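[1] Give me the fold of what follows.
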Amino acid sequence: MAAAAANVVGKFRGGLADLRPVPRTLIDQGPNRSLYRLVSDEEPDGPPVLLVPPLAAPALCFDLRRGCSLAEHLVAGGRRTYLVDYGNVAFSDRRLGIEHWIDEVLPRAIRKVSEDSGGQPVHLVAWCLGGLFSLLTAASGDELPIGSIATVASPVDFTAIPLIAPFRPLVEATGGHLLTPFYRVLGGAPSYVVGRVFWATGINKEITKPLAILRNLDDRDYLAQIEAVDHFMDNMIAYPGRTFGQIYHRFFRANDLAEGSVDLNGRIISLARIKVPVLVIAGENDTIAPRRAVERLTGLLDGAPSVRFETAPGGHLGVLTGRRARGTTWHHIDNFLDEVA
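    I've put the predicted structure just below:
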């Protein structure tokens with residue numbers, strides 16, 4: 001009872017989650033790109049690690065809160081850690097396509113990180129769509145100084161996602177134009193829509209959240225995690241119109257990536273061209289990127305010298321930065337980096 005009372009008081013006095021970001025220094029900036037070097041008390045050693053977020057979700061996915069921050073974990077482990085942040089997406093960005101992210105934003109960030117770390121190859125750690133963009137970047141840029149890629153919850157087989165299966169007949173019945181008028185008029189998928197869709201994927205948890213809070217009122221760490229996830233949800237970002245359209249038509253409708261390549265206006269990018277080690281991690285309770293949708297990637301990387309597949313507990317966000325990720329997902333990433341770096 002004393003712990004529960006203290007948590008209630010703490011909640012009303014500013015919150016229980018320590019949301020302070022890991023200290024960082026801006027080292028490069030450009031359109032849709034702010035690149036940070038994360039700062040540690042001691043001089044980091046070894047090759048650099050670049051954290052690559054997806055579109056729509058804020059870059060704080062890697063730095064959710066103190067104690068559940070992959071960024072904090074990597075820095076504390078003595079790794080040279082960098083983070084690319086795309087910033088807010090405006091209506092004026094509606095004409096930006098996938099090419100912008102894989103030809104401009106990520107290549108420039110990768111080259112700058114390599115330069116900043118003395119010319120070393122860069123090891124990418126990416127979540128969700130950030131993993132797909134990292135893979136496409138590596139597949140289309142042989143000259144980039146990439147040392148390895150670790151993807152977390154990055155689906156390539158969209159037919160293996162039960163959540164969207166019911167919409168396929170409707171999409172095909174409309175010739176694929178079900179969403180086209182909306183994202184063209186709106187200039188993309190607005191942040192409030194993205195947030196509602198992400199919220200809806202965990203509707204069962206949302207419905208039972210008040211009861212779960214009452215049951216765990218004495219668990220400060222549990223309550224802090226819920227508070228941090230709510231903060232994350234409140235900071236969703238929009239999708240640019242053209243990028244959203246390409247994801248909708250090429251990834252969802254055509255399911256290009258499940259066959260190992262994607263057609264971007266006649267430009268074929270094949271995942272078989274990736275020549276670096278790859279780690280693929282799937283969440284055991286992920287409804288947005290279930291295991292089968294993620295694991296399909298392991299059969300498409302014919303050119304990679306090694307491909308490792310792991311699973312870890314958690315849903316789409318939880319597998320990256322949930323309380324159990326500390327001893328599972330992060331452990332897999334640490335082992336992988338120790339072997340390839």
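[2] can you give me the strands for the stretch 101-250 of the chain?
    Applying DSSP state E, counting those that start in this stretch to the stretch 101-250 of the chain gives strands spanning 122-127, 146-152, 188-189, 239-240.
[3] Could you export those strands as a markdown table, including mean pLDDT, mean neighbour count and distance to R267?
    For glycine as for every other residue, the C-beta is placed from the backbone atoms N, C-alpha and C. Supplementary listing: those in a markdown table, determined by pLDDT from 0 to 100; neighbours: other C-beta atoms under 10 Å; distance: least, C-beta to C-beta, whole Å:
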| stretch | mean pLDDT | mean neighbour count | distance to R267 |
| --- | --- | --- | --- |
| strand 122-127 | 98 | 28 | 21 |
| strand 146-152 | 98 | 25 | 20 |
| strand 188-189 | 53 | 26 | 22 |
| strand 239-240 | 80 | 28 | 18 |
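[4] low pLDDT regions in the chain?
    Low-confidence segments of the chain, defined by pLDDT under 70: 1-14, 163-218.
[5] Work out which residue lies at the spatial centre of it.
    The centre of the chain sits closest to W127, judged by C-alpha atoms, centre = their mean, with a distance of 2.5 Å.
[6] so that one sits right up against F62, yeah?
    Yes. Distance between W127 and F62: 7.3 Å, which falls inside the contact criterion (C-beta atoms under 8 Å).
[7] Quickly list what's touching both of the two.
    Overlap between the contact sets of W127 and F62, as judged by C-beta atoms under 8 Å, 6 or more residues apart in numbering, is given by 53, 320.
[8] Nearest approach to G322 belongs to which of the strands of the stretch 101-250 of the chain?
    Between G322 and the strands of the stretch 101-250 of the chain, the tightest spacing by C-beta to C-beta is seen for strand 146-152, at 11.4 Å.
[9] And A224, how far from R323?
    Separation of A224 from R323 (C-beta to C-beta, to the nearest Å) stands at 9 Å.
[10] Just the element for V89, please.
    Taking DSSP states H and E as the criterion, no element holds V89; it sits outside all helices and strands.
[11] Hmm, I typed the wrong one, I wanted A71.
    When elements are defined using DSSP H and E, A71 is found to belong to helix 70-76.
[12] repeat for T311
    Going by DSSP H and E, T311 is part of strand 307-312.
[13] Partner strands of that strand, with direction?
    Each strand that pairs with strand 307-312, with its direction, by DSSP bridges: strand 278-283 (parallel).
[14] CA atoms only for the partner strand - export them in PDB, please.
    Taking Å, rounded to 0.1, in the frame of the first residue of the first chain, the C-alpha atoms of strand 278-283 are listed here in PDB:
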ATOM      1  CA  VAL A 278      22.400  -9.300 -41.100                       C
ATOM      2  CA  LEU A 279      20.600  -9.900 -37.900                       C
ATOM      3  CA  VAL A 280      16.800 -10.300 -38.100                       C
ATOM      4  CA  ILE A 281      14.700 -10.100 -34.800                       C
ATOM      5  CA  ALA A 282      11.000 -10.700 -34.600                       C
ATOM      6  CA  GLY A 283       8.700 -10.100 -31.700                       C
END
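[15] Need the contact partners of the helix or strand that it is followed by.
    Reading on from strand 278-283 to the C-terminus, the next helix or strand found by DSSP H and E is helix 291-295. Counting by C-beta under 8 Å, 6+ apart, helix 291-295 makes contact with 151, 153-158, 160-161, 280-284, 286, 309, 311, all of which sit outside it.
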